[in-house]
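Undergrad: what follows is a predicted structure for the sequence shown.
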Amino acid sequence: MTFNKLSLSFATLLCVGFPAMAEIDLSGSWAAINHEDSLERGGGPYPADWAGIPFNEAGRAKALSFSQSTISMPERICWFQTQWHIAAGPFSLRMWAVPDPLTGRVQAWMIGAWETRAPMTIYMDGRPHPGKNAPHDQTGFTTGVWNGNELIATTTHLKTGYIRRNGAPSSDQATITTHFLRHGDLLTVALLMDDPVYLTEPYILTRSYNLSTNPVAIGGPPCIVGDEGVESGRVPHYLPGKNPYTGEMTKYYGIPEEAEMGGAQTMYPEYRDKIKDKFKLPAKCTLNCGGGGGGN
């Protein structure tokens, strides 16, 4: 009888003091595998290529007004991106667990900051999200739950941001759902953006990372505001119908302009059948050929 009580007490201790068997350890330095979407994660996408983004008309208009010189304004040089930039940017991840001081259970998962993105805290203790009128910022508020060995994080209370570095916008009403799946030394991060202001359906982006023995720096170099030559008192932008970069995808790759303007239909393979008669194969690829950049 005594043995049975001891066994029960030990089992109870295991349940309280250690994570459930379905949970896995995500801590470590995860090096970005940047050959995935290398152009977008490296030099950046074409200024007017929004194919695959489920824009509504408001999202498309907002993107067409964007000028890259906007981020050269002194007040925006050190402006943080939202947590979507985990996947939209080229950087690696460093993750660690924050234990509860009494039980030892994971109270939160942390993802370190870059100079362009604030740290991400994923609360695992069941706390609720703030009310709808609570302040929003670039960091947002994130909670997480385990679904088997998959960590699912939900981020709300974000300020406006970008889901693609060419100005594809996200609003302050957006919600990001992030899935972390570890397969040995590989980590897959899948993000879903729900935005009732600019999108007609969720936008999905996935990235992969390798576990690294070399520590990933967190924080990055300090961001220093400088003069990048933007005219004082002017906000760079393009008026409706004046974006000079529309049509580039047609010029370089023969892709119809209607495809580069995005929309939910451009997310799906069937869309190729719709535009195939408008596609004109270029005689030669002259720019960003073979995924490595440069003509060949």
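TA: Structure's in. What do you need? Residues are numbered from 1 along each chain as shown.

Undergrad: low-confidence ranges in this protein?
TA: 1-22, 290-296 (pLDDT under 70).

Undergrad: show me where it has strands.
TA: 28-32, 93-99, 106-111, 120-123, 141-147, 150-156, 161-164, 168-170, 175-183, 186-194, 203-212 (DSSP state E).

Undergrad: so which of those strands comes closest to residue 239?
TA: Residue 239 lies closest, by C-beta to C-beta, to one member of these: strand 168-170, at 16.8 Å. Yep, even glycine has a C-beta here, placed from its N, CA and C like the rest.

Undergrad: mind giving me CSV with the strands of the chain and columns for distance to residue 234 and mean neighbour count?
TA: Converted to CSV, these look like this (distance: least, C-beta to C-beta, whole Å; neighbours: other C-beta atoms under 10 Å):
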stretch, distance to residue 234, mean neighbour count
strand 28-32, 35, 20
strand 93-99, 37, 18
strand 106-111, 36, 20
strand 120-123, 34, 20
strand 141-147, 34, 17
strand 150-156, 33, 20
strand 161-164, 20, 22
strand 168-170, 20, 25
strand 175-183, 32, 19
strand 186-194, 30, 18
strand 203-212, 31, 18
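
Undergrad: now render the ones you listed as JSON lines, adding distance to residue 60.
TA: Output for these, formatted as JSON lines (distance: least, C-beta to C-beta, whole Å):
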{"stretch": "strand 28-32", "distance to residue 60": "29"}
{"stretch": "strand 93-99", "distance to residue 60": "31"}
{"stretch": "strand 106-111", "distance to residue 60": "31"}
{"stretch": "strand 120-123", "distance to residue 60": "29"}
{"stretch": "strand 141-147", "distance to residue 60": "29"}
{"stretch": "strand 150-156", "distance to residue 60": "24"}
{"stretch": "strand 161-164", "distance to residue 60": "12"}
{"stretch": "strand 168-170", "distance to residue 60": "9"}
{"stretch": "strand 175-183", "distance to residue 60": "21"}
{"stretch": "strand 186-194", "distance to residue 60": "16"}
{"stretch": "strand 203-212", "distance to residue 60": "13"}
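
Undergrad: that's all I had, so thanks and see you.
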